[in-house]
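In: Any chance you could fold what I've pasted below:
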Amino acid sequence: MSHPTLPAQEFRFAMLSSGAPIAWTRSGRPDAPTLIKVAHWLTNVEYDLRSSIWRPWVERLSRSFRLVRYDERGCGLSGDDGRPRSLETWVEELEAVVDATSQPRVALLAVSGAAAAAMAYAQRHPDRVSHLVLLGGFLHGAMHRCSTDEDRAFLEAQWRLVELGWGRDDPAVREFFTSRFLPDAPAEVRAGMNEQQRRSCDGWRAAEIMRARAHLDVRRLAPKVRVPTLVLHCEGDRVTPVAHGHEIAAAIPGARFESLPTNNHVPVGDEPAFGRFCDAVVEFVCGAGDRPSLTPRERELAALVAQGLDNAQIGARLGVADKTVRNALSALYAKLGVDSRARAVARARDLGL
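Out: Model prediction:
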């Protein structure tokens, strides 16, 4: 797959007490709120901009935030120190990155197994966290949900398969993992997920992280979180069923919950759930007060304006007359609070349209 020229990335390293370097980078608007995407091991901060999974996330969220991303120890560009993975090691990494940004307060976006570390950090450092967004997370890992020896044996078999087969040239093992996490993703994205696994870490580390995540339990910690929290969860998630999102939202005082219409573990690319996910994060962290309420047709029109299309091209796309386009644009400009085409383009792009 070809990509346009990739934006330059400046990598920095936050040092842990052990001396292990944690690679991090930031992109987006310097004047916008800082949003830290908490590491969840399937990352490589250098490769992510080429990834069919994470590139759309980086591009979209960078329009509205000063987006910070990092790799957990032993993954991507980060070093390792041999410490067993645990809630404490993951919180330590997040603490180091937050401190390295020099921002007094940040918003946290935690996906899947990273939710536990984000909740623990927010509970320990409520003065440093403005907002907490959790996607596809859980309060207790898979080992705590096993009811029989067969359930536990099945988990162990999966981890052993990853440990021995993840790094092989044959992608069959990685495809087994991908098919569970992204069952409805297009072939290109599934192939990207297979490659993402290889780029993130080796099979031994992957299995170690999976085991550690499966033993997490923050059920007693969650009620102590006292920062504004938004819980998002994909409706048909097979890896972490939506009931786990409900459990998080019920445990954290005042948390809001919203489901996303997809069967994938995380929203991808062009599916409607991805657009709603990004809008929800922006609205929650930045506030909806200065975001105009647009109809679906107005959002479509604004997107065409943001692409730089002229009236004739917009009319052709929408199947309407030039006069209809002019009238619709006048109404749109009023809602956006602008008085020119150039300002409408800037405003629409600023809103992520």
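In: just the helices in the stretch 201-350 of the chain please.
Out: Listed in chain order, the helices of the stretch 201-350 of the chain (DSSP state H, counting those that start in this stretch) span 203-214, 242-251, 272-286, 296-306, 311-318, 322-336, 341-350.
In: want to try a markdown table for those, with mean pLDDT and mean neighbour count as columns?
Out: Every C-beta, even on glycine, is put in place using the N, C-alpha and C of the backbone. What follows is the helices of the stretch 201-350 of the chain, written out as a markdown table (pLDDT from 0 to 100; neighbours: other CB atoms under 10 Å):
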| stretch | mean pLDDT | mean neighbour count |
| --- | --- | --- |
| helix 203-214 | 93 | 20 |
| helix 242-251 | 97 | 18 |
| helix 272-286 | 91 | 19 |
| helix 296-306 | 85 | 18 |
| helix 311-318 | 88 | 16 |
| helix 322-336 | 84 | 15 |
| helix 341-350 | 74 | 16 |
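In: And the least confident helix or strand in the chain by mean pLDDT, what does it pack against?
Out: Taking mean pLDDT, DSSP states H and E as the measure, the helices and strands of the chain show their lowest mean at helix 341-350, namely a mean of 74. When contacts are defined as 3 or more CB pairs under 8 Å, 6 or more residues apart in numbering; DSSP states H and E, helix 341-350 packs onto helix 55-64, helix 296-306, helix 322-336.
In: Mind doing that once more with 7 Å?
Out: Helices and strands touching helix 341-350, by 3 or more CB pairs under 7 Å, 6 or more residues apart in numbering; DSSP states H and E, are helix 296-306, helix 322-336.
In: picking up where we left off before, columns distance to residue 118 on top of the helices of the stretch 201-350 of the chain, output as a markdown table?
Out: What follows is those, written out as a markdown table (distance: least, CB to CB, whole Å):
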| stretch | distance to residue 118 |
| --- | --- |
| helix 203-214 | 13 |
| helix 242-251 | 11 |
| helix 272-286 | 13 |
| helix 296-306 | 30 |
| helix 311-318 | 40 |
| helix 322-336 | 34 |
| helix 341-350 | 27 |
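In: before we move on, back to that, could you check the angle helix 311-318 makes with the least confident helix or strand of the chain?
Out: Here helix 341-350 points in a direction 40 degrees away from that of helix 311-318 (axes from the mean of the first three to the mean of the last three CA atoms, to 10 degrees).
In: what about residue 215, neighbour count?
Out: Residue 215 has 14 neighbouring residues, counting by other CB atoms under 10 Å.
In: That one contacts residue 138, correct?
Out: No. Checked against CB atoms under 7 Å, the pair residue 215 and residue 138 is beyond contact range at 12.0 Å.
In: Quick check, residue 90 in contact with residue 117.
Out: Yes. Using CB under 7 Å, residue 90 and residue 117 qualify as a contacting pair, with a distance of 3.8 Å.
In: follow-up on the earlier one: residue 37: which of the helices and strands packed on helix 341-350 is closest?
Out: Closest approach to residue 37 among the helices and strands packed on helix 341-350 (CB to CB): helix 296-306, 24.2 Å.
In: any chance you could map the strands in the stretch 151-300 of the chain?
Out: Taking DSSP state E, counting those that start in this stretch as the criterion, the stretch 151-300 of the chain contains strands spanning 229-234, 256-260.
In: For the ones you listed, state which one has the densest average packing.
Out: strand 229-234 (a mean of 25; mean count of other CB atoms under 10 Å).
In: Could you list the residues in contact with that strand?
Out: Among residues not part of strand 229-234, those counted as contacts by CB atoms under 7 Å, 6 or more residues apart in numbering are 132-136, 242, 245, 248-249, 252, 255-260, 262-265, 267, 273, 277, 280, 284.
In: Could you give the average pLDDT over that strand?
Out: Strand 229-234 carries an average pLDDT of 97.
In: Next one: the closest residue to residue 96 other than its chain neighbours from residue 159, what distance?
Out: Leaving aside its chain neighbours, residue 96 sits nearest to residue 14 (4.1 Å; criterion: CB to CB, 6 or more residues apart in numbering). Using CB to CB, to the nearest Å, one gets 29 Å for the distance from residue 14 to residue 159.
In: Comparing the two, which shows the higher neighbour count?
Out: Here residue 14 and residue 159 are set side by side on neighbour count (other CB under 10 Å), and the busier one is residue 14, at 20 against 17.
In: From residue 71, how far off is the more buried one?
Out: Taken as CB to CB, the spacing of residue 14 relative to residue 71 amounts to 11 Å.
In: any shared contact partners between those two?
Out: The overlap between the contact sets of residue 14 and residue 71 (CB under 7 Å, 6+ apart) consists of residue 22.
In: Three-state assignment for residue 107, please.
Out: Local secondary structure at residue 107 is given as strand here, using DSSP: H, G, I helix; E, B strand; the rest coil.
In: What residues sit buried inside stretch 173-189?
Out: Residues of stretch 173-189 classed as buried by neighbour count (16 or more other CB atoms under 10 Å): 173-174, 177-178, 181-183, 185, 189.
In: Tell me the one among the residues you listed nearest to residue 100.
Out: Looking at those and their distance to residue 100, the nearest is residue 181, at 29.7 Å (CB to CB).
In: residues touching the closest residue to that closest one other than its chain neighbours, list them.
Out: Setting aside the residues directly before and after it, residue 181 is nearest to residue 265 in space (CB to CB, 6+ apart), at 4.4 Å. For residue 265, the set of contacting residues under the criterion of CB under 7 Å, 6+ apart consists of 112, 136, 181-182, 234, 237, 239-240.
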